[in-house]
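S.K.: sequence and computational prediction follow.
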Amino acid sequence: MRHPNDEFHLTPQSEPGMTTYALLPGAGGDSWYWHLVASRLQQAGHEAIAVDLPAADDDAGLEAYADAIVDAVGNRTNVVLVAQSMAAFSGPMAAERIDAQGFVLVCPMIPAPGESPGEWWDASGQTAAQREADIAAGRDPDAPFDPLTTFLHDLPEETLEEAFRRGAPEQSGRPFGDPWPLDSWPDLPTRVFAGRDDRLFPLPFMQELSKERLGIDPEIVDSGHLPALARPDELAQLIAHPPAS
């Protein structure tokens, strides 16, 4: 099996031209999450900006996360915001302040107006969905949180070892109390990717949430909750090659 750090080439685009992708990490705010996908997009001639978010800062709420995205994008134009998990809250807040042309949401916490990230878990139905999925799979739904079981179970060995060497990034609880300030999802083209084996956001839950809140059927990636680390080839191909309309 080829390791994800090996040389990789995207299938050539059907149309010429470069796209700028702003790659936004989820909880923990660590741009390293996107490093494998970023290199693949860059090899294909695109610009890929992996953004660090101020997750460890107890003074930084959702607005500060949006500020960090705007600062990283700068004056670039026609930017696609690629948001993992919790970044689905801050990405749309930044979109109105940059020249955004669309969204790609990866295993996302799709927000509702006025809903905080802390409220999202029960309001969206995630809490019940994960419990049901754990029981069906024979996992103890009341066991202490184990990142290897929930997040890292499908990472290639070398990527997993690197993740453990780096350690878990810190995530302040500060932004989880901030209500999402937008009245609706931005009127921009949006795609949603769901992990077939996502143990945190089980596939049926993600399909229902995406349809309910965005009216979108998600595209499926053969991964758990962290496809940018588990399946970077597949995810890069999907990001760079939207399905024909």
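M.R.: Sure thing, it's come through.
S.K.: okay, which residue is most central for the chain?
M.R.: Q84 (0.9 Å; Cα atoms, centre = their mean).
S.K.: is that residue in a bridge, and if so with what?
M.R.: V106 (DSSP bridges).
S.K.: so it touches A228, yeah?
M.R.: Yes: look at Q84 against A228 with Cβ atoms under 8 Å: they come within range, at 6.7 Å. All C-beta spots, glycine's among them, are computed from the backbone N, C-alpha and C.
S.K.: next, show the common contact partners of the two.
M.R.: 23, 33-34, 106 (Cβ atoms under 8 Å, 6 or more residues apart in numbering).
S.K.: what about these, which are in strands?
M.R.: 23, 106 (DSSP state E).
S.K.: could you dump the shared contacts of Q84 and A228 to JSON lines with pLDDT, distance to G91 and neighbour count?
M.R.: Listed next are the shared contacts of Q84 and A228 as JSON lines, based on pLDDT from 0 to 100; distance: Cβ to Cβ, whole Å; neighbours: other Cβ atoms under 10 Å:
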{"residue": "L23", "pLDDT": "98", "distance to G91": "10", "neighbour count": "26"}
{"residue": "Y33", "pLDDT": "97", "distance to G91": "14", "neighbour count": "22"}
{"residue": "W34", "pLDDT": "98", "distance to G91": "13", "neighbour count": "26"}
{"residue": "V106", "pLDDT": "98", "distance to G91": "11", "neighbour count": "30"}
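S.K.: dump the shared contacts of Q84 and A228 to TSV, plus distance to E208.
M.R.: What follows is those, written out as TSV (distance: Cβ to Cβ, whole Å):
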residue	distance to E208
L23	26
Y33	26
W34	27
V106	17
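S.K.: from the shared contacts of Q84 and A228, which single one is nearest D217?
M.R.: Comparing these against D217 with Cβ to Cβ places V106 closest, at 15.3 Å.
S.K.: per-residue pLDDT, S245?
M.R.: Model confidence at S245, given as pLDDT, is 54.
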